[in-house]
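# Mind looking at a prediction? Sequence and model below.
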Amino acid sequence: FASQITEPQVTSVATGAEDKLATAINDEAVDIEFALTETEADTVDTILEARELLGEADVPASDRFLAVSPSIATRLLNVEKFTKVNESGGESALRDAILGRIYGFTVVESNGLTADTAMAYHRSGIVFASKKPADPRGAVESFAISQDGINIRQIFQYDPDVLSDASVLSTFAGASMVFEDADDSVPADSERWVKIGVAST
């Protein structure tokens, strides 16, 4: 039951919660661009430009991340200087879906990001939270589950329509970009991330 029912349910709910974070990133405008024609030099130069912009904004050098769509992940994997997790012996990082590191960024891949986009950011630039809902008084059994830092509630309830128990998982989740002041309509109001896209022409 755990492997065939609960595990796929947990993965699905966790993915839905993480999509809240991806949506917050997708809603931001692109600041800088990779060239339309992929080259290793352009990939490196663009990432270094993002790094420079964060540095000029006095963003701490630690806790910097580069979230990438699958297509941008492919660009990075073709860069010789990219330190891949599977070549560094970091088994825990592999379990956390971390691709590797480059120029101080921990690189993570997300299918939820818009194709051909990436976000270079400091941990403080994005807020994400999840909370397990309160246990209902009518549930026969209720369990707390944590998946990749996302808190999930599993309850078992009787479904009279099918004369069987039902396993139901849920969580409260939300995400938002962090702005330097109250006016989040102005992109310059936050300097803790740099959105990267691919040039269209």
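Right, received. Where do you want to start? Numbers count the residues shown, from 1 in each chain.
# As a check, name the ranges of all helices in this protein.
7-26, 40-56, 70-77, 91-95 (DSSP state H).
# which one's the longest strand in this protein?
strand 150-159 (DSSP state E).
# Could you tell me the least trusted of the helices of the chain?
Of all these, mean pLDDT reaches its minimum on helix 91-95 (a mean of 39).
# hang on, the earlier thing: next, format the helices of the chain as TSV and append distance to Pro133.
The C-beta positions use only the backbone N, C-alpha and C, and glycine is treated the same way. Converted to TSV, those look like this (distance: least, CB to CB, whole Å):
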stretch	distance to Pro133
helix 7-26	11
helix 40-56	37
helix 70-77	32
helix 91-95	27
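# Arg192: which of these is closest?
Between Arg192 and those, the shortest separation by CB to CB is 7.5 Å, and it involves helix 40-56.
# how far is the closest one from where the chain is centred?
20 Å (CA atoms, centre = their mean, to the nearest Å).
# Show me the contact partners of that helix.
Helix 40-56 has contacts (CB atoms under 8 Å, 6 or more residues apart in numbering) with 31-35, 61, 64, 66, 75-76, 78-81, 102-105, 120, 122, 191-194, 196.
# list the buried ones in it?
By 16 or more other CB atoms under 10 Å, the buried positions in helix 40-56 come out as 42-44, 46-47, 49-51, 53-54.
# and the angle from that helix to helix 70-77?
For helix 40-56 against helix 70-77, the angle by axes from the mean of the first three to the mean of the last three CA atoms, to 10 degrees is 100 degrees.
# re earlier: put the buried members of the contacts of helix 40-56 into a ChimeraX selection.
The buried subset of the contacts of helix 40-56, as determined by 16+ other CB under 10 Å, is captured in ChimeraX by this line:
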select :31,32,33,34,64,66,75,76,79,102,103,104,105,120,122,191,192,193,194,196
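# Any idea which helix or strand in the chain has the lowest mean pLDDT?
Of the helices and strands making up the chain, the lowest-confidence element is helix 91-95, at a mean of 39, by mean pLDDT, DSSP states H and E.
# Name the nearest residue to Ala14, ignoring sequence neighbours.
Of all residues not flanking Ala14 in the chain, Gln147 sits nearest, at 4.3 Å (CB to CB, 6 or more residues apart in numbering).
# just for the chain, where's the confidence low?
Counting by pLDDT under 70, the ranges of the chain that qualify are 85-97, 181-190.
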